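> From the sequence below, what's the structure:
(3 chains)
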Amino acid sequence: MPELPEVETVARDLRAALVGRQVMAVQLGHPKVLRFPVPDVFRAVFPGQHVDAVTRRGKFILCELRSGEDLVFHLGMTGHLRVCDPDVPAPKHTHLRATLDDGRELRYDDARRFGRILLGPRAVLEDSRVLPVLGVEPLSDEFTATRLDAVLRSTTRTVKAALLDQRGVAGLGNIYIDEACHLAGVRPQHRCHTLTRVQRAALHDAIPAVLLSAIRNRGSSIDDYRDLWNAKGTNQERLQVYGRGGRPCLRCGAILRHATVAGRTTVWCPTCQK
DNA sequence: ACTCTTTCCTGTGAGC
DNA sequence: TGCTCACAGGAAAGAG
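Model prediction:
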């Protein structure tokens, strides 16, 4: 389940593999994964392009092309980007193969097809809403306590629902919201408008902390997340609450509870979190 | 305007 | 052993 740390790990490796490369040939798979533009236009526009930069915004990976357009990937739940030799067997649900000028191949595969590929000038992608408006980057200087307060104080929703909303803070998902809430001592089902200033400040500290720690560990390979080279991250071994419902809290020993909050399986410690 | 629920998808594993 | 079925969840659409 790629969230910000997994996407950041892939984006960093992709930057080293792709910047300066030229795309020679393109092969598309299932038509629905390429959301924009239509396949014929994509096939006409993409080959010959040079990659000038690779960046991340929320859970999106943006490959900036010399033409001024962006090639954008969202990995959904089961999407994988890979760079490998062309003779490596491709997985069953491979939706994009791009031959590079160094002889390697960029691939995107996604069994569940929740992910997406976009290509176009940034302004066009945003105007056509295939690239959504995203909130503040939690690892940027703009992620101030005041900025998070603005997100949390303006709503009656649960903390879980508010932090899942990419328009407020970009890049958080089920895993790292539960982890940040545990570190901050805040229950995910707590209503935002009833949080104390101390609780909001604790979340402001905890969010970057869990994300940076996960990036250092190259992400959490819970289900089938793999990096650009098909290797697992190690952060799944460090998770305090995610996937541990019914087992003891690693901090206090109480049995971790779990329930559906904002439509997602959510785990918390009944004594550490208020 | 805001919040909550449902839908999209397929692989996996529990249970019979 | 082989089958069914619930479950996983990011984001968007639909309902309230």
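> Tally up the residues packed near A:Pro188, please.
A:Pro188 sits with 26 neighbouring residues when counted by other CB atoms under 10 Å. Where you see a C-beta, it was placed from the backbone N, CA and C, and this is true even at glycine.
> Now do the strands in the stretch 151-274 of chain A.
A:257-261, A:264-268 (DSSP state E, counting those that start in this stretch).
> Using CSV, please lay out the ones you listed together with distance to A:Ile117, mean pLDDT and mean neighbour count.
Listed next are those as CSV, based on distance: least, CB to CB, whole Å; pLDDT from 0 to 100; neighbours: other CB atoms under 10 Å:
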stretch, distance to A:Ile117, mean pLDDT, mean neighbour count
strand A:257-261, 31, 91, 15
strand A:264-268, 25, 92, 21
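> Out of these, the one nearest A:Val33 is which?
Closest approach to A:Val33 among the strands of the stretch 151-274 of chain A is made by strand A:264-268 (23.7 Å; CB to CB).
> Now tell me what touches the closest one from outside.
The contact list for strand A:264-268, computed with CB atoms under 8 Å, 6 or more residues apart in numbering, reads A:160, A:164, A:174, A:178, A:181-182, A:187-189, A:241-245, A:256-260.
> Please repeat the previous calculation with a cut-off of 10 Å.
For strand A:264-268, the external contacting residues (CB atoms under 10 Å, 6 or more residues apart in numbering) are A:158-161, A:164, A:173-175, A:177-179, A:181-182, A:185-190, A:239-247, A:249, A:256-261, A:274.
> Check which helix or strand the closest residue to A:Leu14 other than its chain neighbours maps to.
Ranked by CB to CB, 6 or more residues apart in numbering and with sequence neighbours excluded, the top spatial neighbour of A:Leu14 is A:Val54, at 5.0 Å. Assigned by DSSP states H and E, A:Val54 belongs to strand A:51-57.
> just checking, what packs against the helix or strand just after that strand?
As assigned by DSSP H and E, the chain's next helix or strand after strand A:51-57 is strand A:60-65. The contact analysis (3 or more CB pairs under 10 Å, 6 or more residues apart in numbering; DSSP states H and E) places strand A:60-65 against helix A:4-18, strand A:51-57, strand A:69-74, strand A:116-121, helix A:122-127.
> if we go to 7 Å?
Applying 3 or more CB pairs under 7 Å, 6 or more residues apart in numbering; DSSP states H and E, we find strand A:60-65 packed against helix A:4-18, strand A:51-57, strand A:69-74.
> Alright, that wraps it up for me.
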